[in-house]
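> sharing a model prediction with you, sequence too.
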Amino acid sequence: MSNETTAPPLAHVDTAQINPHQPTADALVLFGATGDLAKRKLFPALYHLQHSGSLDVAVIGVARSDWSADDFRAHARESIKNHVDNADLSVIDALCDRLDLVQGNYADESTWNDLKSMLDKHDSEVAVYYMAIPPSLFPMVAEKLASVDLHHRGRIVVEKPFGRDYASAVELNKTLHSIFPEDHIFRIDHYLGKEAVEDVLVFRFANTLLEPVWNRNYVRSVQVTMSEEIGVEGRGSFYDSVGAIRDVFQNHLLQVIALLAMEPPAGADSGFLQDEKAKVFAAMRPMDCNALVRGQYVGYRDEPGVTDGTEVETFAAARLEIDSWRWAGVPWYVRVGKALEQDATEVVIELRDPPRMLFDEAGGPPPGRNLIRLRLGKNDGVTFALQAKTPGPNMDSEEIDVNVDFAAALGERQDAYERLLDDALQGSLRRFARQDVVEGTWRIVQPALDNGGTIHPYFRGSWGPTEADSILVNDDTWYPVSPT
Ligand code: NDP
Ligand code: BG6
């Protein structure tokens, strides 16, 4: 795989066989109910669904931990109080009334029979089985569900990363397909549930202003940054088994890049959208390891759960190229990392210089280029960096920012997990990933997994190793991200 530069045929997906709208579920089964994802994201999301009146199902946790149903409810209550500002206690009570627990080891047949009895107790016919568990357990849980015939009574939500590399993603898909049809496999990537990420599509295709310049004729480079101030924060053991490339680059970042780079879909239907994403990855070159820099923050090796002398990256910067009619020759610079200076998920589209600089009577440094900044994180919005006349007698220009903060202009957005859980319960595949697209993303990062090269140390609170500059071409520099 590593030296392959041309795209292999992507997994055949018979889109006619995919029904994007499934029957509404009547139960949510949460594998990994005691875990970090459940605590920080899933219980708060369930709280919001309960609050808005959209939750109408039993929520059944499955845990190996020696918990009673009351322990489980107390844990959910605590998680919500810690992660939802001013949570309404009556809403928490109503949610806790829905919670039930199956306790047992996944290896024991009795656990699966207990789960079946629990679903019967709640008169469930269509369940959503949410795998908030270590990815190595996905195939086993799917097989165990089938062993007690529960696969006919529901659909699965599979967390990311879907596989560890191209081959294992294909293999995992094969296992899941031997049990569930494609339209019962919901591959979750919570970035696809973020309204700010969905807005990339609306922004590009609901405005006529941008599309004429959204190509190699006007765009000089694209920079995508996903930086986090936090380190691995108690997730050392999980993180050390994946690293930044598998944790966020292969999934969140490449999904965002697909939305930025794709052609207009033939229609709003999710199948058309997935088709266009698959084409982006077919046209994208697999990562060139000479244009990749991996880093690790100083102190990472002392984090609990991390192996001695680990070479796993907590930072990656790469230059990607898309050999499409629209993007050929435009460098796409991508950087992701933990323990960096500032939280940001930001895209900077840098436009080319105008053909002549007419307004420079006072001399001095040349004006900056036009930038379109898409902020996709907490402070989501858009900023156009434009040139306007400098006050005074001279015809000179200076940079001004035309800025919109989406929360202020449009109101607060829903949380991604709230939307995705609701979609899964309603049976809508719209915001989930299709297998050929997932395989396309693994094909792009595979060279980095095979031979990622040296790991460069960097200090917490920096912008990663200075070696990251080496992937820049054409005298480019990293643009600072927007201040928060
Ligand atoms: P955790 O390490 O917190 O584990 C989740 C739960 O899995 C554990 O609490 C454990 O519960 C259960 N589990 C079952 N069998 C095993 C086993 N053999 N080894 C370890 N744990 C087991 O993981 P996260 O909650 O962080 O992640 C779960 C999934 O969600 C992963 O796929 C991850 O990639 C994904 N994810 C996580 C995010 C996060 O911020 N945490 C964000 C986005 C995705 P018990 O023992 O009680 O059954
Ligand atoms: C998760 C990763 O998928 O995304 C985490 O496992 C990362 O390591 C998180 O912190 C970032 O998500 P968000 O929504 O906070 O940008």
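Here it is on my side, so go on. What you see is a predicted model, and the numbers here were worked out from it, not measured in a lab. Ligands and ions are numbered 1, 2, ... in the order given.
> return the nearest residue of the stretch 301-450 of the chain with respect to ligand 2.
Each residue of the stretch 301-450 of the chain has a distance to ligand 2, by C-beta to the nearest ligand atom, and the smallest belongs to residue 345, at 5.8 Å. Every C-beta, even on glycine, is put in place using the N, C-alpha and C of the backbone.
> what secondary structure does that residue sit in?
Secondary structure state of residue 345, per DSSP: H, G, I helix; E, B strand; the rest coil, is strand.
> residue 377 against residue 197, yeah?
No: with contacts counted by C-beta atoms under 8 Å, residue 377 stays clear of residue 197, the gap being 10.0 Å.
> can you pull the residues of the stretch 251-400 of the chain lying near ligand 2?
Proximity of the stretch 251-400 of the chain to ligand 2 is assessed by C-beta under 6 Å from any ligand atom, with residue 345 identified as the residues in range.
> got phi/psi on the residue in the stretch 101-250 of the chain positioned nearest to ligand 2?
Residue nearest to ligand 2 within the stretch 101-250 of the chain: residue 247 (4.8 Å; C-beta to the nearest ligand atom). Taking degrees, to the nearest 10, you get phi -70, psi -50 for the backbone angles of residue 247.
> do the same with residue 58
For residue 58, the backbone dihedrals (degrees, to the nearest 10) come out as phi -70, psi 140.
> in what element of secondary structure is residue 362 found?
Assigning secondary structure by DSSP states H and E places residue 362 outside every helix and strand.
> with residue 222 instead?
Secondary structure (DSSP H and E) places residue 222 in strand 219-227.
> and the helix or strand following that strand, what's buried?
Helices and strands here follow DSSP H and E; after strand 219-227, the next one along the chain is helix 236-240. When neighbours are counted by 16 or more other C-beta atoms under 10 Å, the buried residues of helix 236-240 are found to be 236, 238, 239, 240.
> centre of the chain versus helix 236-240, how much separation?
Using C-alpha atoms, centre = their mean, to the nearest Å, the distance from the centre of helix 236-240 to the centre of the chain it belongs to is 18 Å.
> list the contacts of the least confident helix or strand in the chain by mean pLDDT.
Sorted by mean pLDDT, DSSP states H and E, the helices and strands of the chain end with helix 406-410, the least confident at a mean of 89. The set of residues external to helix 406-410 that reach it, using C-beta atoms under 8 Å, 6 or more residues apart in numbering, is 195, 196, 199, 379, 380, 381, 382, 413.
> how about the contacts made by the fourth one?
With contacts defined as C-beta under 8 Å, 6+ apart, residue 379 is in contact with 405, 407, 482, 484.
> next one: residue 388
Applying C-beta under 8 Å, 6+ apart, the residues contacting residue 388 are 397, 398, 399, 400.
> and the first one, that's in a strand?
It refers to residue 397. Yes: per three-state DSSP, residue 397 lies within a strand segment.
> neighbours around the residue in the stretch 1-150 of the chain that ligand 1 sits nearest to, how many?
Residue nearest to ligand 1 within the stretch 1-150 of the chain: residue 35 (2.4 Å; C-beta to the nearest ligand atom). Residue 35 is flanked by 17 other residues according to other C-beta atoms under 10 Å.
> nearest residue to it other than its sequence neighbours?
Across the structure, with C-beta to C-beta, 6 or more residues apart in numbering as the measure, the residue nearest residue 35 apart from its sequence neighbours is residue 132 (5.6 Å).
> CA atoms only for the strand holding residue 222, dumped as PDB, please.
Backbone C-alpha positions of strand 219-227 (Å, rounded to 0.1, in the frame of the first residue of the first chain) are rendered in PDB as follows:
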ATOM      1  CA  VAL A 219      -6.900  29.800  -4.500                       C
ATOM      2  CA  ARG A 220      -3.200  29.800  -3.700                       C
ATOM      3  CA  SER A 221      -3.200  27.500  -0.800                       C
ATOM      4  CA  VAL A 222      -5.500  26.000   1.900                       C
ATOM      5  CA  GLN A 223      -4.500  25.600   5.500                       C
ATOM      6  CA  VAL A 224      -6.500  23.400   7.900                       C
ATOM      7  CA  THR A 225      -5.600  23.500  11.600                       C
ATOM      8  CA  MET A 226      -7.100  21.400  14.400                       C
ATOM      9  CA  SER A 227      -5.300  22.300  17.600                       C
END
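> who does it touch, helix- and strand-wise?
Secondary structure elements in contact with strand 219-227, counted by 3 or more C-beta pairs under 8 Å, 6 or more residues apart in numbering; DSSP states H and E, are helix 254-261, strand 332-337, strand 344-351.
> avg pLDDT for the second one?
Right, the one you point to is strand 332-337. Mean pLDDT, computed over strand 332-337, is 98.
> same thing with stretch 45-55?
On average, stretch 45-55 scores 96.
> tell me the buried residues in it?
45, 46, 47, 48, 49, 50, 51, 55.
> wait, doesn't the third one sit right on residue 87?
Okay, so that is residue 47. Yes: under the criterion of C-beta under 8 Å, residue 47 lies in contact with residue 87, with a separation of 6.3 Å.
> overlap in contacts of the two?
When contacts are counted by C-beta under 8 Å, 6+ apart, residue 47 and residue 87 are jointly contacted by residue 80.
> how about the strands in the stretch 251-400 of the chain?
Ranges of strands in the stretch 251-400 of the chain, per DSSP state E, counting those that start in this stretch, are 292-297, 315-320, 332-337, 344-351, 371-375, 381-389, 397-405.
> contacts for the fifth one?
Contacts made with strand 371-375 from outside it, assessed by C-beta under 8 Å, 6+ apart, are listed as 196, 200, 203, 210, 344-351, 381-385, 479, 482.
> and residue 170, how far from residue 137?
18 Å (C-beta to C-beta, to the nearest Å).
> chain neighbours aside, what residue packs nearest to the closest residue to ligand 1 within the stretch 201-350 of the chain?
The minimum distance from the stretch 201-350 of the chain to ligand 1, using C-beta to the nearest ligand atom, falls at residue 238 (5.0 Å). Leaving aside its chain neighbours, residue 238 sits nearest to residue 134 (6.8 Å; criterion: C-beta to C-beta, 6+ apart).
> can you get me a residue count around the one you found?
The burial metric for residue 134, expressed as a neighbour count using other C-beta under 10 Å, is 13.
> by neighbour count, which of the contacts of residue 379 wins?
Within those, most neighbours by other C-beta under 10 Å means residue 482, with 17 neighbours.
> relative to residue 288, which of the helices and strands packed on strand 219-227 is closest?
In this view, the helices and strands packed on strand 219-227 are compared for proximity to residue 288 by C-beta to C-beta, and strand 332-337 is the closest at 11.9 Å.
> other residues contacting that closest one?
When contacts are defined by C-beta under 8 Å, 6+ apart, strand 332-337 is touched by residues 221-228, 244, 248-249, 253, 257, 261, 295, 297, 314-322, 458, 464, 468, 471-472, 476, 478.
> could you rerun that using 6 Å?
Applying C-beta atoms under 6 Å, 6 or more residues apart in numbering, the set of residues contacting strand 332-337 from outside is 222-227, 244, 248-249, 253, 315-320, 464.
> dump it to PDB, restricted to CA.
Extracted C-alpha coordinates of strand 332-337, given in PDB (Å, rounded to 0.1, in the frame of the first residue of the first chain):
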ATOM      1  CA  TRP A 332      -3.300  21.700   1.200                       C
ATOM      2  CA  TYR A 333      -1.500  22.200   4.500                       C
ATOM      3  CA  VAL A 334      -3.000  20.300   7.400                       C
ATOM      4  CA  ARG A 335      -1.800  20.300  11.000                       C
ATOM      5  CA  VAL A 336      -3.400  18.600  14.100                       C
ATOM      6  CA  GLY A 337      -2.100  18.300  17.600                       C
END
